[in-house]
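[1] any chance you can model this:
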Amino acid sequence: MRLSSVASRGQPQLGAAAGQQAHGSMQLRLARPAFRVEAAATELLIPKPELIIPKYCESINQTRRRPTRTVTIGPVKVGSEHPIALQTMTTTDTRNIQATVDQVKKCADAGAHIVRITVQGRKEAEACMKIREQLFKDGYDVPLVADIHFQPAVAMIVAEAFEKVRINPGNFADGRKTFEEINYDDPKQFELEKQHIEEVFTPLVLKCKELGRALRIGTNHGSLSARILSYYGDTPRGMVESAFEFAEICRKHDYHNFVFSMKASNPLVMVSAYRLLAEEQYKHGWDYPLHLGVTEAGEGEDGRMKSAIGIGALLMDGLGDTIRVSLTEDPEYEIDPCRRLASLGETACKEGWGVPEFQEVTRDTHTFSRRVGLLPAQKEEDELDYRPLLHRDGTVFSAVSLSELDAPEQLYRKLGAKLVVGMPFKDIATSDSIFMRQLPVSGDADGRRALRRLQDVGVHILAPAAELAANPLAGAVAVLSVREALATGGKVPAGAARLALTLDGSETDEQLAAIKSVDAVVALLDIQDGVSHIHASRRIFDALKRAENDIPIIHHIRFPAGTARDEIVIKTGSWVGGLLVDGLGDGALIEVEGEDVDFLRTTGFGLLQGCRMRNIKTEYVSCPSCGRTLFDLQEVTDQIRQRTGHLPGVAIAVMGCIVNGPGEMADADFGYVGGAPGKIDLYVGKEVVKRGIPMEQACDDLIQLIKDYGRWVDLPEEEEAMAAEAVVA
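    So this is what the prediction gives:
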């Protein structure tokens, strides 16, 4: 059962094409008894159901750190009474002792509090003894974590050397990952199989307890055991239940020095899983810390954005005690975005970011669905087509300054438009509309011509109503505050063709409900300075849904001039992404005085793609590399990206080894996976279709596979030449 949205009145709807993703069973409760019969009356009064959000954090209106116990990892303490610990993972061959030692030291020097090392066999476990010993000799006491898959015996050996062991419940006791479905007609059979897990896992628990070691019970989406998959499906519920089975064994032996993680490459799944994990801990009275991470996030700005969406959303709810940003880059480069996210979360908790308490009754933390907003309708008297003002899958607005009109062709390119003889045309990643605080005066013919050419191809101009009154621009969209619009009866100002609203978070529920009386095509959610964007926005979206108001909402985020680009990405992902993961919002406008329009535009599109809204390029699920990796992951990922980056709607997984292969690329259409040294296996979905391909021809074979399945499109000649030049460079 799902709360019904307001009727569309026959108009196109934003997000109407977006699929819904089940993240667990939704909980609906009635605000009062299901019905009551009035005395001397025959009418049944059936109340409207309201969604009661289960407790998954300390507060939905303020950032408060979730209280946890302290877990000791060597000299590092993890938990709510301590700073958020920063983690990364080595990419060296663990058997190369000196190279691994050197990389651990480089990570520690960059600020890593904890470093993880892959340990896939006995030889690696033996090397770990020497790695730990050498680091101590060199004066480095940074805690080391053994990353274990499939090898309980190896975990027992390395626990002697390292301060912490990470196990994956999906393969620690159940062996190699398969997708074979098991029919559990009798739930008792499912429970009986827990005995095998307990037999395999208990020795490690007892050893860690004896030696004072820590454990991470780290579940990954797509890497669940066949047993869990068959019973729960590949869902956040299955992830949580899988981890809880191992936690129960720890608790049975009075061992509590462990943390949980619920990683996924899809930030929406990741956030849902961690929330469900926290919810279940509240129900059980547990207080174990959380290790946060978006696995296989990729590289560059995209990897940082996806990590910020997932990790940042949870930190804004006070969840998370240690974090890792998994990038397909050298591990020391993970620390800066880690530090920025940790600082953001700690500052929000320390300063108590939030808004006055309110009752939230419309957001569903179990089942994802996008809020449905109405696309602008065309009117008979319109000279311009206003339907492209917004995009049904998610909108990107760009803030443009008056000075940028001095070089119109350069501006068009920065807006992502194609140029034909100097004239702009909308492309797949062109800004949908632009926002200008100042307009060219009536005598500025060149500036007005530049804007008119944008309007003619559906890139509309939004400007403050006062600015339009001073410098009228035919066909423009006037921007008014809600209070101003209501005071004028909701009429479109003279000289404007459409009306847009701004919301700053101070509006009352009554004012928000009254927006329905205003003929506005969109609202910009520009929360006033000093107020938490994520918490103020939750109240607004809740009030709008209760009022059955379906006006499209664009998140308007402003940063001071000179803000570092990584800071823009991290905060936009955390504050706006933290709302879009709940389907709250129809797009974004990022405004930074003096910043490059092209960078802000691509950041906006990266935000939407990271939130699974609008795809404008190929999606990559790329593992961050580790000692198991069978090829140069950064180099190969770049080669594949150069040749396949123009395929929106296609997801390609690039995995260094089989551990991060078919299971953890659950969201991908095609997979490129290291199968053996110098050999690549190719996947379609979770099924291997070609094995043992020499690396020299694997990229060509991947492209042919994409063609065979009808997902390939050729680059236009101009773009193909540019791509070829980039490969050569």
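
[2] where along the stretch 551-700 of the chain do the helices fall?
    For the stretch 551-700 of the chain, applying DSSP state H, counting those that start in this stretch gives helices covering 565-575, 577-580, 597-610, 633-644, 695-708.

[3] before we move on, what about the stretch 401-550 of the chain?
    Assigned by DSSP H, counting those that start in this stretch, the stretch 401-550 of the chain shows helices spanning 408-414, 445-456, 465-470, 482-487, 509-514, 533-546.

[4] my read: residue 601 touches residue 413, true?
    No: taking C-beta atoms under 8 Å as the definition, residue 601 is not a contact partner of residue 413, at 10.5 Å. To be clear about C-beta, it is placed using only N, CA and C from the backbone, and glycine gets the same treatment.

[5] those two - which one has more neighbours?
    residue 601 (22 against 15; other C-beta atoms under 10 Å).

[6] what sits against the more buried one?
    For residue 601, the contacting residues are 396, 398, 414-416, 429, 431, by C-beta atoms under 8 Å, 6 or more residues apart in numbering.

[7] dump those residues to CSV, plus pLDDT.
    Shown next, in CSV, are the contacts of residue 601 (pLDDT from 0 to 100):
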residue, pLDDT
396, 98
398, 98
414, 98
415, 98
416, 97
429, 96
431, 98
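
[8] nearest to residue 516 among those?
    residue 396 (26.1 Å; C-beta to C-beta).

[9] what are the pairing partners of the helix or strand harbouring that closest one, and which direction each?
    Element membership for residue 396, per DSSP states H and E: strand 395-399. Neighbouring strands of strand 395-399 in its sheet, by DSSP bridges, are strand 433-435 (parallel), strand 587-592 (parallel).

[10] quick check, residue 193 in contact with residue 227.
    Yes: using C-beta under 8 Å, residue 193 is in contact with residue 227, at 5.9 Å.

[11] give me the more crowded residue out of the two.
    Each of residue 193 and residue 227 has its neighbours counted (other C-beta under 10 Å); residue 227 has more, 23 against 17.

[12] average pLDDT across whichever strand or helix holds that one?
    Assigned by DSSP H and E, residue 227 falls within helix 226-232. Mean pLDDT, helix 226-232: 84.

[13] same question for the helix or strand following that helix: list its buried residues.
    Of the helices and strands lying after helix 226-232 in sequence (DSSP H and E), the nearest is helix 236-252. Using 16 or more other C-beta atoms under 10 Å as the test for burial, helix 236-252 gives 236-247, 249-251.

[14] how about stretch 192-199?
    193, 197-198.

[15] same check, this time on stretch 61-73
    So stretch 61-73, judged by 16+ other C-beta under 10 Å, has buried residues 61-66, 68-69, 71-73.

[16] export the residues you listed to JSON lines and tack on distance to residue 715?
    As requested, the buried residues of stretch 61-73 are arranged in JSON lines below (distance: C-beta to C-beta, whole Å):
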{"residue": "61", "distance to residue 715": "48"}
{"residue": "62", "distance to residue 715": "49"}
{"residue": "63", "distance to residue 715": "45"}
{"residue": "64", "distance to residue 715": "50"}
{"residue": "65", "distance to residue 715": "49"}
{"residue": "66", "distance to residue 715": "48"}
{"residue": "68", "distance to residue 715": "50"}
{"residue": "69", "distance to residue 715": "54"}
{"residue": "71", "distance to residue 715": "50"}
{"residue": "72", "distance to residue 715": "54"}
{"residue": "73", "distance to residue 715": "48"}
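
[17] could you single out the nearest of the residues you listed to residue 403?
    residue 63 (37.9 Å).

[18] for that closest one, what are its contacts?
    315-318, 345, 348-349, 352-354, 532, 535.

[19] what subset of the residues you listed is buried?
    Using 16+ other C-beta under 10 Å, the buried ones in the contacts of residue 63 are 315-318, 345, 348-349, 353-354, 532, 535.

[20] where does the prediction get shaky in the chain?
    1-52, 175-181, 184-185, 297, 623-632, 657-666, 717-729 (pLDDT under 70).

[21] count of neighbours near the nearest residue to residue 207 once chain neighbours are set aside?
    Nearest residue to residue 207, sequence neighbours excluded (C-beta to C-beta, 6 or more residues apart in numbering): residue 159, at 5.1 Å. Residues near residue 159, counting by other C-beta under 10 Å, number 23.

[22] against residue 539, how distant is residue 159?
    48 Å (C-beta to C-beta, to the nearest Å).

[23] cool, and residue 594?
    32 Å.

[24] between the two, which is the more surrounded one?
    residue 539 (21 against 9).

[25] separation between the more buried one and residue 217?
    Distance from residue 539 to residue 217, by C-beta to C-beta: 35 Å.

[26] do the same with residue 65
    21 Å.

[27] what does residue 536 give?
    35 Å.
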